[in-house]
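Asker: Take this sequence and fold it.
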Amino acid sequence: MMRKKHIWIVGLLVIFVWIAAAYAQSPDFKENIYSVGKLKPTDSVLKVKVGDLAPDFTLPAVRGGKTTLSQYRGKKNVVISFVPAAWTPVCSDQWPGYNIAKEYFDQSDAILLGITVDNIPTLYAWTNQMCMGSGTLWFPVLSDFYPHGAVASKYGILRSDGVSERSLFVIDKKGIIRYIDVHDINTRPKLEVLFRELGKLEK
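Answerer: Got it, this is the predicted structure:
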């Protein structure tokens, strides 16, 4: 009961902080955001399901080197956040929210992996601008640029226009997918739902 109450309170606080952070972004950053308009909510056919072993991958990271999903097996729960594209409105609000919520990921013994189909230079510039004045993103940001969208395609979330769905995959320490949210690309997934799913995993 106390854990559920804690999740609810933390979720509520993070939502308020997330909204405030979105409005606090610098004018220069906001001026560089490209409006994509209203898009088809989803445009792909999922290739994995809850209970499957998560397909492994290795991708280059903005901070240098490469990150492999299976390197966390037996060590960390993993949340994969696929977002469609850098420099777009919803994506530019979504990841700063996760940045603020680091403490909750820590409590769930979870690492977050952020993935887009953009190349490294684009992601470098975008994430630097996104966090101006507040440090850097605490989680690895990975590029699924080449072969283009190969990891998104493996999971079945590569859209027909070449970007990924806005989607979340919660993976336990055994590498098993425990939760999937292929979200409406036009809206941001709710943090409290992600917190709830993370709360179901063993630390």
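
Asker: got a list of what residue 194 touches?
Answerer: If a contact means C-beta atoms under 8 Å, 6 or more residues apart in numbering, then residue 194 has 79, 168, 170, 181 as its contacts. Where you see a C-beta, it was placed from the backbone N, CA and C, and this is true even at glycine.

Asker: give me the element it is part of.
Answerer: With elements delineated by DSSP states H and E, residue 194 resides in helix 191-198, which encompasses its position.

Asker: Quick one: low-confidence residue ranges for the protein.
Answerer: Where the chain drops to pLDDT under 70, the residues are 1-29, 132-135.

Asker: residue boundaries of the strands in it?
Answerer: Taking DSSP state E as the criterion, the chain carries its strands at 58-60, 66-68, 77-82, 110-116, 141-143, 166-171, 177-183.

Asker: so which of those gets nearest residue 52?
Answerer: Counting by C-beta to C-beta, residue 52 lies closest to strand 177-183 out of these; the figure is 5.2 Å.

Asker: Quick one: list the elements packing against the closest one.
Answerer: Based on contacts counted as 3 or more C-beta pairs under 8 Å, 6 or more residues apart in numbering; DSSP states H and E, the elements that strand 177-183 packs against are strand 166-171, helix 191-198.

Asker: can you pull up the bridge partners for the residue nearest the centre of the chain?
Answerer: Among the residues of the chain, the smallest C-alpha distance to the mean C-alpha position (C-alpha atoms, centre = their mean) belongs to residue 81, namely 2.3 Å. Beta-bridge partners of residue 81, counted by DSSP bridges, are residue 114, residue 168.

Asker: Which residues are in contact with it?
Answerer: Contact criterion C-beta under 8 Å, 6+ apart gives 94, 95, 98, 112, 113, 114, 115, 167, 168 as the residues in contact with residue 81.

Asker: Touching, the first one and residue 188? I think so.
Answerer: Right, residue 94. Yes: at 5.0 Å, residue 94 and residue 188 qualify as touching, with contact defined as C-beta atoms under 8 Å.

Asker: can you list residues touching both of these two?
Answerer: Taking C-beta under 8 Å, 6+ apart as the contact criterion, the residues that touch both residue 94 and residue 188 are residue 166.

Asker: how much space between residue 200 and residue 73?
Answerer: Distance, residue 200 to residue 73, using C-beta to C-beta, to the nearest Å: 18 Å.

Asker: Neighbour count: these two, which is higher?
Answerer: Regarding residue 200 and residue 73, a neighbour count based on other C-beta atoms under 10 Å identifies residue 73 as having more, with 18 against 11.

Asker: list the contacts for the more buried one?
Answerer: 173, 174, 175.

Asker: Generate a PyMOL selection restricted to the buried entries among the residues you listed.
Answerer: The following PyMOL line selects those of the contacts of residue 73 that are buried, judged by 16 or more other C-beta atoms under 10 Å:
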select buried, resi 173+175
